[in-house]
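I would like the atomic coordinates for the input below:
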Amino acid sequence: MSVLEVEKPSYMTEDLQIFEGEARKFMERECVPHVDNWIKQHRVDREVWNKAGRAGLLCASTPEEFGGPGGTFAHEAVLIDLLGKTGADGWGIVLHNAIVAPYIQHYGSDEQRKKWLPKLASGELVAAIAMTEPGTGSDLQAVKTTAKRDGNHYRINGSKTFITNGGTANFIVVVTKTDPTKGSKGISLVCVETDEVEGFRRGRVLEKIGQKANDTAELFFDDVRVPTSNLIGMDEGMGFVQLMQQLPQERLIIALQAMAVIERALEVTITYVKERKAFGKPILDFQNTQFKLAECKTEATVAKVFCNHCTELHLEKKLTPYMASMAKLWLTDLQCKIVDECLQLHGGYGYMNEYPIARMYADSRVQKIYGGTNEIMKLLIARSL
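Residues are numbered from 1 along each chain as shown. Below you'll find the model as predicted:
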């Protein structure tokens, strides 16, 4: 039981609990001791990817026939929870595992699956997806990066920004326009193995408010030439559909990330207010502290039950885009609210980066922005009315 006293969801089988135990040991051994250094250097050590591959944590939901451990999204949900609760959530393994790899798994050819998925599962390849551009955020139809046919190759030109894992990734799914005249129907996903091409450049690792352990970067494609066989899917122009089909999982992931941070924030804050004294007694003895934490625990408990429900729906392939948008909207708003309340209860110490709550505060704000802003979530939810 966590601080919320919510029972484990029905999908948490004995095998998954064993996986959870092994994954926790890995994170406590290979991640937690290095988080401070990752934050200082603005990137995760490259070797942790290889170690995670050997431990069976990369591409956890990829079938064994394509080099993966053969798990399900439940395994990814376990990893998301552990990353948030251990404070190692600056590591972009979730994007690698549960956002990028599924594009290859669901839409790639057998040849592509056999070529790329085993390398993603081993850590030989580190993945990123290049959607956002300097002039486009939530409006993916407006991307300007092009992939023009040149015989049996594409020539990719354009720039991307805010790319998670961008400073490290050597396998990038690029959102391009293969036909700029067709709007959303001209969008295609084209894969680039950066070690095998010319004309690819990394820009700055961006200086962010939070999420400093991740090497979020700018990427530039200057006449990058890749085989037409790197197109995901049988036909050009299917990229927008592919993106839309996978966004519900991405939004559920963000909700689960929010939930893990909410639980960690409550746990560290309850410990703090029991130990910290003011006016001769623990801060927890003050009614304001009790009432604030009572409200937070109640809202967090409701959120946890909702997250478990959404995950169960997703495992049954029943999660709708509207429900995923609700989860992303509500959980990220709640994350920012609860983390803010918890920081306030820390007083001045909550503003110091040496305290976990300060980092959680800085890291949480972007949750309401990426994966589609929360304003976009409201528009999507409204369509179900």
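
and the pLDDT at the closest residue in space to Ala98 that isn't next to it in sequence?
Of all residues not flanking Ala98 in the chain, Glu76 sits nearest, at 4.3 Å (CB to CB, 6 or more residues apart in numbering). C-beta here means a position set from N, CA and C on the backbone, and glycine is covered the same way. On pLDDT, Glu76 comes in at 98.

residues contacting Glu76?
Ala60, Ser61, Val94, Asn97, Ala98, Ile253 (CB atoms under 8 Å, 6 or more residues apart in numbering).

cool, Ile254 as well?
Lys328, Leu331, Thr332, Gln367, Tyr370, Gly371.

next secondary structure element downstream of the helix or strand hosting Cys307?
Taking DSSP states H and E as the definition, Cys307 sits inside helix 287-315. Following helix 287-315 in sequence order, the next helix or strand is helix 321-345 (DSSP H and E).

what about Lys277, how many neighbours?
If you count neighbours by other CB atoms under 10 Å, Lys277 ends up with 12.

tell me how far the closest residue to it other than its chain neighbours lies from Lys40.
Distances taken as CB to CB, 6+ apart place Ile283 nearest to Lys277, at 7.1 Å, with adjacent residues excluded. Distance of Ile283 to Lys40, computed by CB to CB, to the nearest Å: 31 Å.

same deal with Ile338?
Applying CB to CB to Ile338 and Lys40 gives a distance of 27 Å.

quick one: which of those two has more around it?
Ile338 (27 against 10).

tell me the domain ranges of this structure?
According to automatic domain parsing, the chain comprises the domains 14-125, 128-237, 241-382.

how about these, which one is nearest Glu7?
Counting by CB to CB, Glu7 lies closest to domain 241-382 out of those; the figure is 9.1 Å.

for Gln344, the count of nearby residues, please.
14.

show me what contacts it?
Lys292, Gly350.

mind checking pLDDT for it?
pLDDT at Gln344 comes out at 98.

so how far is Gln211 from it?
Gln344 is 22 Å from Gln211, by CB to CB.

hmm, back to that, of the contacts of Ile254, closest to Ser184?
Gly371 (18.5 Å).

the closest one is in what secondary structure piece?
According to DSSP H and E, Gly371 maps onto no helix or strand at all.

still on that earlier bit, which helices and strands does the helix holding Cys307 pack with?
helix 73-86, helix 239-275, helix 321-345 (3 or more CB pairs under 8 Å, 6 or more residues apart in numbering; DSSP states H and E).

do you know which of those lies nearest Phe171?
helix 239-275 (16.6 Å).

in stretch 209-227, what's buried?
For stretch 209-227, burial by neighbour count (16 or more other CB atoms under 10 Å) applies to 210-221, 224, 226.

now the two most distant members of the residues you listed.
It's Gly210 and Val226 that sit farthest apart of the buried residues of stretch 209-227, by CB to CB, at 33.7 Å.

can you classify Cys191 by secondary structure?
strand (DSSP: H, G, I helix; E, B strand; the rest coil).

quick one, what contacts it?
Contacts of Cys191 by CB under 8 Å, 6+ apart are Ile104, Gln112, Trp116, Phe171, Ile172, Val173, Val174, Val226, Asn230, Ile232.

where do the helices sit along the stretch 1-150 of the chain?
For the stretch 1-150 of the chain, the helices defined by DSSP state H, counting those that start in this stretch cover 14-30, 35-41, 46-54, 73-86, 93-95, 101-107, 110-122.

a markdown table for those, including distance to Asp179?
A markdown table is the format used below for those (distance: least, CB to CB, whole Å):
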| stretch | distance to Asp179 |
| --- | --- |
| helix 14-30 | 43 |
| helix 35-41 | 41 |
| helix 46-54 | 35 |
| helix 73-86 | 33 |
| helix 93-95 | 28 |
| helix 101-107 | 18 |
| helix 110-122 | 22 |
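
quick one: which of those helices is nearest Glu198?
helix 110-122 (20.2 Å).

name the residues that touch that closest one?
Residues beyond helix 110-122 that count as contacts (CB under 8 Å, 6+ apart) turn out to be 50, 53-54, 58-59, 62, 66-69, 96, 100-101, 104-105, 108, 125, 127, 171, 191, 229-230, 232.

rerun at 7 Å
53, 58-59, 62, 66-68, 96, 101, 104-105, 125, 127, 171 (CB atoms under 7 Å, 6 or more residues apart in numbering).

quick one: average pLDDT of that helix?
97.

how far off helix 46-54 does that helix point, in degrees?
Helix 110-122 and helix 46-54 are oriented at 110 degrees to each other (axes from the mean of the first three to the mean of the last three CA atoms, to 10 degrees).
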